[in-house]
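A.B. asks: starting from these lines, generate the structure:
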Amino acid sequence: MISYNPIEIKGNWTKGYALDIHTTSSEYLGDDEFGHPRFKTKYSELGESVLRLKYREDKSVLKDILDAITDFLKNKWKIMDTLDYIVPAPPSKLNREYQPVIEIVEKLSDIIDVPMCIDSLVKIKATQELKEIVDYEERKRILKDAFDIQNDCIKDKNILLFDDLYRSGATLKIITEVLYNKGKVNSVYILTLTKTRSKR
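C.D. replies: Now for the predicted structure:
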């Protein structure tokens, strides 16, 4: 099974974890002919799998990723009996043809026998890519009013909110506020596959 090293992530949710860091090191190699910085980046085992799935659509890593999530939920975190639903974080790019977070949640739901709720939490406005935005407050401003609840299936429920990558936590904190204030959920638990070493 793919190795992972869970890291607790703090926020306005009940409890949350990233299964591992995304990268282990990044060495600056200088700028290319266009003046763009180049880096030699090393990834954790799970980080490499996330990279392959998300950006190369390499679905051969799906089983290893799902095995790691299942092992963590069943044998380490042990919150299976607490959960009513798994909810995927809405994709940042609405027009991306392949949505890995949604596919993982669909398959995970079957494996651990916890239903998913995919149509309650929705993204209602497009937002720019956040990975280039360093300032946390600016990220929050961009995400303001970007999410909404469109039905009450998660009301009074304990949910696992799942995403692939944790950076600053701005997106998940905004979503958690929406889940509590508009979705009226009982508890929000967070699980992401990886977490960046910095808050960028």
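
A.B. asks: just checking, M80 touches L108?
C.D. replies: No. Proximity of M80 to L108 does not meet the contact threshold set by C-beta atoms under 8 Å, at 11.4 Å. All C-beta spots, glycine's among them, are computed from the backbone N, C-alpha and C.

A.B. asks: common neighbours of these two, please.
C.D. replies: When contacts are counted by C-beta atoms under 8 Å, 6 or more residues apart in numbering, the set common to M80 and L108 consists of V114.

A.B. asks: more crowded one of these two?
C.D. replies: With other C-beta atoms under 10 Å as the criterion, M80 and L108 differ in neighbour count, and L108 comes out ahead with 21 against 13.

A.B. asks: show me what contacts that one?
C.D. replies: Shown in contact with L108 (C-beta under 8 Å, 6+ apart): 66, 69-70, 86, 114, 116, 162.

A.B. asks: ok, 7 Å please
C.D. replies: Remark: with contacts taken as C-beta atoms under 7 Å, 6 or more residues apart in numbering, L108 is in contact with 66, 69, 86.

A.B. asks: what's the separation between the closest residue to K144 other than its chain neighbours and D20?
C.D. replies: Spatial nearest neighbour of K144, chain neighbours left out: I174 (7.4 Å); criterion: C-beta to C-beta, 6 or more residues apart in numbering. When distance is defined by C-beta to C-beta, to the nearest Å, I174 is 24 Å away from D20.

A.B. asks: between those two, point out the one with more neighbours.
C.D. replies: The residue with the greater number of neighbours, taking I174 and D20 and applying other C-beta under 10 Å, is D20; the counts read 24 against 19.

A.B. asks: what's the next secondary structure element after the helix or strand the residue nearest to K144 falls within?
C.D. replies: For I174, the enclosing helix or strand under DSSP states H and E is helix 170-181. The helix or strand immediately downstream of helix 170-181 is strand 187-195, counting by DSSP H and E.

A.B. asks: output the contacting helices and strands for that next one.
C.D. replies: Using 3 or more C-beta pairs under 7 Å, 6 or more residues apart in numbering; DSSP states H and E as the contact test, the elements touching strand 187-195 are strand 15-21, helix 45-56, strand 158-166, helix 170-181.

A.B. asks: pull the CA atoms of the last one into CSV?
C.D. replies: C-alpha atoms of helix 170-181 as CSV (Å, rounded to 0.1, in the frame of the first residue of the first chain):
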residue,chain,number,x,y,z
ALA,A,170,-9.1,29.5,2.8
THR,A,171,-11.4,27.4,0.5
LEU,A,172,-12.2,24.8,3.1
LYS,A,173,-12.9,27.4,5.8
ILE,A,174,-15.3,29.3,3.6
ILE,A,175,-17.0,26.1,2.6
THR,A,176,-17.2,25.0,6.3
GLU,A,177,-18.9,28.3,7.1
VAL,A,178,-21.5,27.7,4.4
LEU,A,179,-22.1,24.1,5.6
TYR,A,180,-22.7,25.3,9.1
ASN,A,181,-24.6,28.5,8.4
